[in-house]
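My questions are about this predicted structure, shown below with the sequence.
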Amino acid sequence: MNRQIGRIGAVVLVLFGALFVNLNVITLLQADELANHPANRRVIIREYAIERGPIVVGEEAIARSVPTEGGQYRYLRVYPEPELYAHITGYYSIVLQRSGLERALNEELTGRTTEVVAQNLGELLGGAQRPGNAVELTIDRRAQEAARDALAGREGAVVAIDPRTGAILASYANPTFDPNPLSSHDTRQINEAWAPLRDDPSRPLVDRATGELYPPGSTFKVLVAAAALEAGDDPARTFPNEATFDVPQTTQNISNAGGVRCGEGDEVTLQTGFRRSCNTVFARLGLELGDDVLAAQAEAFGFNRTPPLELPVADSRIPLEQDVPATAQSAIGQRDVQATVLQMAMVAATVANGGQLLRPHLVQTVRGPDGAVLRGPDIGRWEGPPGDGRPVSPRTAQQLRSLMVDAVTGPGATGSSAAIDGVEVGGKTGTAQTAPGARPVAWFIGFAGDEVAVAVAVPDADGGGGAIAAPIARAVMTAAIRD
Amino acid sequence: MTTGSVVIGDAPRATEARLLLGAVLITSAAGVLLGWSRSSELPPAALVTGLALAAIATVAHLTVRVTAPDADPILLPIAFLLNGLGLVFVQRVDLATGSELAAAQAVWTAVSVGAFCALLLFLREVRVLGRLQYTFGLLTIVLLLSPLIPGLTAGVINGAQLWIDVFGMRFQPGELAKLTMVVFLAAYLERNRALLSVATQRIGPVLLPAPRHLAPLLVATGAALVIMAGLRDLGSALLFFGAFLAMLYVATGRMAYPVLGMVAFAIGATIAYRLFGHVRVRVSIWLDPWSDVTGTAYQLAQSLFALATGGLTGTGLGFGRPQDVPFSATDAIFVVIGEELGLLGATAILLLYLTIAMRGLKIAQTARDEFSTLLATGLTVLIAFQTFVIIGGLTRLVPLTGITLPFVSYGGSSLLSNYLLIALLLRISDESRAAVLGRSTQPGPGRARP
C-alpha cells in the first residue's frame, strides 16, 4: 500500500506544481496584459484614488482633482476654463484613458516619479496615500487669452515662445473642446460627449498648434534666406525683377502674388524680395541653392524630426531629394513642404535669440505636495537636428532679424499690421495654397524684441497672411510683452 | 504498516508548541498590519485578538499533549496558521465590503477547535470508527439529504440547496458528509480489499472482481455522487470522487481502478455537460473567459485581474480591492491573498497545504493498521484535492467550482470539518508512533490494546 500512497504523493506534487507555475504565469508573465484588459477597472480605480496634482497656469489651477462623495472613483478631475486649455491639458477619462499633458505628465501628476520613491515607502507603512505633484506651466495667461480672442472663433492656431528659454507662452487652437464631460465618472455621459466630438467634421480633438501640418507658404522663405545667407549671400544681392519665373522642366511657372513685378527697377535685392515676399526671387534662389541645401537647412531648424515638447508633436516635413519643379515649389513653402505652427514659431524664436534652436517646453516647475520643487524647466539647445541646435550662425541670425524687421516696418512691407509702437517687431507673412480653388492658409511668424516669438496659422482664410494672421500675432505679442 | 514513524525531533509536543506560538505571532502581526492600513494607530482590538488566539492555541495544544502525546507536531500549527490568516483576510474583506463576517468566523474558530479537542478526547482509538462502517454510510446519506428536510433547510442560496439552520447558525452538512463517507469507505475497503484485489470477471480486456464485492461500493459512491450532483454541489462531488479513487487504488494496488474511474468520470462529465446548463456555462467560461467578462465569467476575470494586480510582492495587506471579486470571503479568498501578498504570499499558502498533504500521506504510510492507512489517505487526498480544485479554478487551470479553501475561507461547516479531519490524522499518527515507541497504552479511558 505504501507504494501506491507514494504515487499519490507524486500526483499531489504535480498538481501543486501546476498551480505554482500557473500562478507565476498570471502574476508575472500576463500581468501587464491583464492590467491593460479593457474590462479591468482596477488599475484606473487605484489611480483615481490618488489626489492627482493640479496643472497650474500663473497662480490658478487649469486642471485639478476634487474629492467625490461615494462612488468607486475617489477624485474627479475638473477643468475650470475647459476650452481655453483643452489642447494643452487634454482629458483624464475612465473610458478614453488620458490625452495631452494628463497623459504625458501622468507620472508627475500621480506622484509616481522616481524622486519620491523613498517617501512613498515611508507612507506605505503608515498607510497614507500621498497626493500627486503640481505641474506649473510656462503658459502666460494673457497671451493665451489674447490668442483665443484674436482668433475670434476662426479655425486656426497660435504658438508663442519665449526666445530666450524655449518656454511656450501660448499654445491655442480652434476648434477646441470641453474636457470636463470626457473626464466624468459616468460612462454614459462620457460616451455621449465623445461621439459627437469624434464624428465632428471640424475635428475639434485635433490640436492644430502641434498636431496639424500646413504648407508654410512664404514663411518658409525665412529658411530659404537663411540657407542663402549661410552660403555667403548678402541681403543686398540682386536678382532679375520679373512677374513670372520660368521654372525649368515644367510648364507650371511661378508668379508673384497678383502677377506683378517685384517693385520698381530691372533688378531687385534679396531684402526687397523678402519684404515684398516675391515668389520669383525665392524660386530662383531655391533652385540655385538646390534641394539638398534647402532640406539640410530646414532639418537644422527641426524639420523631419519630432520636437521634444511634452505634448505629442507632428514632424514637419521636407523631402531630402526633389526634382527641379518641386524644389522651386518648396522654396516658396508649397507642395511637399509642410510644417506645424509650433515648428514655425521655433524658427521665429531662433532668429530672435541669435541663432539657437531651443527645446520647446511647457513645464516650468514640478512641485511636491509640500511645495518643494522637484524639477525645474528643461532649458537648453535642441541638439537632435543636424547642427546641434545651431541652425544658423549669429551673423546670419542677425541678418535674418533685420530682413524680418524690414518685412514689418519697411516700405511696402507685407507684415505691417504686426507692428507695435515702441517695440522692434520682425516677421514674415505667408499665404499658402492647399488645393486649386481652395481658400489659403494665412500665416504669420515673427517676434517682438527678444521677449516673444510667435507663429499664427489660419487655414481656410478669407484673406492673406498680412491681413488675417499678422493682426493676431500682434495681439498675442502685445499681451506677452506687457508684463 | 509501521515501516517508519512520523517523528520530528524527540519532543514533538515542544515542537508543536513553538510552531503554534509562531502561528499566533504571524497572525497577530498580520492583524496589526491590516489595522495600520486604515489608521496609523495600533488597533486596540489587536491585543485582545492576539491573546484570544493564544488561548485557543493553548487549549488545542494541551488537549493534544494529554490525549495524543505522540501525534504529528506539524499539522495543528499549520491548520492554526491558515485559520488565523483566514480570520485576518475575512476581516480584510469585511473592511472592503462592509460585511460583518469576521466575528462569526472567530466564533466558529472557537467552536471548531472545541470540536477538535472533543474528538481527540472521546475518540481514543481510531479503529472504533471502522466498526461503525454502515452507520457512517447511512450518516453520510442523511447528512447529504438534510438540507432538503423542511424545517431544517436554510433554503436555496446561490443556486444550491446545501445549508441547514442550526441554532440560528447556517451549516453545510455536506462538508461533514465528506468525512463520514471517507470513514465508511476506509472501513469497507479494509474488509473487502482482498476480494476487490482479485479479478475474477472479465469484461472485454478488463479484469474485474465479482460484482457481489463491487456492488455495495458502487451503490454507495454512486448514490453520494448523484445526490451531490443533484444538489448542484459539483465541487464536493469532484472532491469526493477523487478521494474515493485514491482510496480504492491504495486498498487494491490495482491501477485499473483509477483508470476505470477516470473513464467513468469522463463519461459522467460528458453526460453532465449535455444535461446541465450550468455545467456547460462553467466549461465555456473556463475555455474562454474573455467573451463574457461582465457576465458569467465576471468572477474568474476579476480573480485573474486581482492576482495580476498583486504581481510578485502584492499591493500590501489592506491595499487591494477585494470588493471587486465576488465571494471574496469564501470561495475566492485565495485571490484576495494573492492580490495583497503577491505571488510570494500565495506560494507560501500553497506550500502550507503541500506540507499538510505530504505529512498526511506520510501518516498514512506509517499508520499501524490498514483501516488507519486508508482513512489517512482519504482524508489527506480530500484536503489536498480541495485546495487544488479551488485554487486551480480561480486561476483558470481547471473549471471553477464553488468550494472553500480549507481553513482560510469564511464558513463554519468547512472550518469545523477540516479541524475534525486534522484531529483524525493526529489520532492516527499518535497511535502509530506510540506503537513504535512501545507505548501501546495511554493513560485515560477508551484507549485499549487492539
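Cool, the structure landed.

Please point out which parts of stretch B:346-363 sit buried.
B:346-347, B:349-350, B:352-354, B:356-363 (16 or more other C-beta atoms under 10 Å in any protein chain shown). (Each C-beta comes from the backbone N, C-alpha and C, glycine too.)

Just the ones of those residues in strands?
Among the buried residues of stretch B:346-363, none falls in strands (DSSP state E).

Closest to B:Val281 out of the residues you listed?
B:Val281 has its nearest neighbour among the buried residues of stretch B:346-363 in B:Ala346, at 26.8 Å by C-beta to C-beta.

Could you report the pLDDT at the residue in chain B that chain A sits nearest to?
Nearest residue of chain B to chain A: B:Ala308, at 3.6 Å (C-beta to the nearest C-beta). Turning to B:Ala308, the model gives it a pLDDT of 91.

Confirm A:Leu109 sits in a helix?
Yes. A:Leu109 forms part of a helix when assessed by DSSP: H, G, I helix; E, B strand; the rest coil.

residue ranges of the strands in the stretch 51-200 of chain A, please?
A:55-57, A:60-67, A:75-78, A:92-93, A:97-98, A:134-137, A:156-161, A:168-174 (DSSP state E, counting those that start in this stretch).

quick one on the thing from earlier: quick one: contacts for the residue of chain B closest to chain A?
A:26-27, A:30-31, A:33-35, A:40 (C-beta atoms under 8 Å, 6 or more residues apart in numbering or on different chains).

Same check on B:Leu179?
B:379, B:382, B:417, B:420-421, B:424.

In helices, which of those appear?
B:379, B:382, B:417, B:420-421, B:424 (DSSP state H).

can the contacts of B:Leu179 go into a markdown table with extra columns for pLDDT?
Shown next, in a markdown table, are the contacts of B:Leu179 (pLDDT from 0 to 100):
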| residue | pLDDT |
| --- | --- |
| B:Leu379 | 97 |
| B:Leu382 | 95 |
| B:Ser417 | 96 |
| B:Leu420 | 97 |
| B:Leu421 | 97 |
| B:Leu424 | 97 |
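
I only care about these that end up buried; give me the PyMOL line for that.
Per 16+ other C-beta under 10 Å, the buried members of the contacts of B:Leu179 correspond to this PyMOL selection:
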select buried, chain B and resi 379+382+417+420+421+424
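
does chain B sit close to the helix ranked longest in chain A?
In chain A, with assignment by DSSP H, the single longest helix is helix A:2-24. Yes. In terms of C-beta under 8 Å from any C-beta of the partner chain, part of helix A:2-24 sits within range of chain B, namely A:2-6, A:8-9, A:12-13, A:15-16, A:18-20, A:22-24.

Just the buried subset of the residues you listed, please.
Buried, going by 16+ other C-beta under 10 Å: A:2, A:4-5, A:8-9, A:12, A:15-16, A:19-20, A:22-23, out of the residues of helix A:2-24 next to chain B.

can you put those in JSON lines and add pLDDT?
Output for these, formatted as JSON lines (pLDDT from 0 to 100):
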{"residue": "A:Asn2", "pLDDT": "88"}
{"residue": "A:Gln4", "pLDDT": "93"}
{"residue": "A:Ile5", "pLDDT": "95"}
{"residue": "A:Ile8", "pLDDT": "95"}
{"residue": "A:Gly9", "pLDDT": "96"}
{"residue": "A:Val12", "pLDDT": "96"}
{"residue": "A:Leu15", "pLDDT": "96"}
{"residue": "A:Phe16", "pLDDT": "97"}
{"residue": "A:Leu19", "pLDDT": "96"}
{"residue": "A:Phe20", "pLDDT": "96"}
{"residue": "A:Asn22", "pLDDT": "95"}
{"residue": "A:Leu23", "pLDDT": "95"}
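
State whether A:Ser417 and A:Ala470 are indeed in contact, as I suppose.
Yes. Applying C-beta atoms under 8 Å, one finds A:Ser417 in contact with A:Ala470, separated by 4.3 Å.
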